[in-house]
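**Q** structure for this input, please:
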Amino acid sequence: MITKMPITKARINLGSIIKKVRLNKEYYVLEKDGYPVAGIMDIDEFEDYLDARNENLNKQIRESFAEFKAGRTKPINKLIGELKMAKK
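**A** Numbers count the residues shown, from 1 in each chain. As a prediction, this is how the structure comes out:
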């Protein structure tokens with residue numbers, strides 16, 4: 001659900017707004033003089049948004065997916081064994 005509200009009202013109700021954002025995954029659009037100027041969203045979703053904008057991360061995901069499609073994968077047990085050996 002997206003709720004629009006003036007910044008002045010949001011300032012007064014910030015604690016309850018944050019609680020609704022965190023627990024109910026609600027969104028808030030803050031307005032100044034009737035114009036949207038900012039948004040409030042859950043931090044987990046915001047971090048996902050930032051990751052999606054990271055071109056290096058997106059490149060790694062594309063490369064990994066291409067390797068997976070090409071069959072260049074290994075069983076998880078083998079990977080865990082390699083990681084344990086690398087730690088020693």
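
**Q** can I see the domain layout of the chain?
**A** What automatic domain parsing lists as the domains of the chain is 2-41, 54-87.

**Q** tell me the centre residue of the protein?
**A** Asp48 (1.8 Å; C-alpha atoms, centre = their mean).

**Q** list the helices and strands the helix or strand hosting that one packs on?
**A** Remark: Asp48 resides in helix 43-53, with elements defined by DSSP states H and E. If you count contacts as 3 or more C-beta pairs under 8 Å, 6 or more residues apart in numbering; DSSP states H and E, helix 43-53 packs onto no helix or strand. Glycine gets a C-beta too; all of them are placed from N, C-alpha and C.

**Q** quick one: the helix or strand Glu67 falls within to helix 43-53, angle?
**A** Glu67 is located in helix 55-69, with elements delineated by DSSP H and E. Calculated by axes from the mean of the first three to the mean of the last three C-alpha atoms, to 10 degrees, helix 55-69 forms an angle of 80 degrees with helix 43-53.

**Q** for Glu26, phi and psi?
**A** Here is the backbone geometry of Glu26 (degrees, to the nearest 10): phi -80, psi 160.

**Q** what about it, how many residues nearby?
**A** When counting by other C-beta atoms under 10 Å, one arrives at 16 neighbours for Glu26.

**Q** surely it is in contact with Met5?
**A** No: Glu26 lies out of contact with Met5 (C-beta atoms under 8 Å); the separation is 11.5 Å.

**Q** shared neighbours, those two?
**A** Residues touching both Glu26 and Met5 by C-beta atoms under 8 Å, 6 or more residues apart in numbering: none at all.

**Q** related to what we said a few turns ago, turn the domains of the chain into a markdown table, columns for mean pLDDT.
**A** Below are the domains of the chain laid out as a markdown table (pLDDT from 0 to 100):
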| stretch | mean pLDDT |
| --- | --- |
| domain 2-41 | 96 |
| domain 54-87 | 86 |
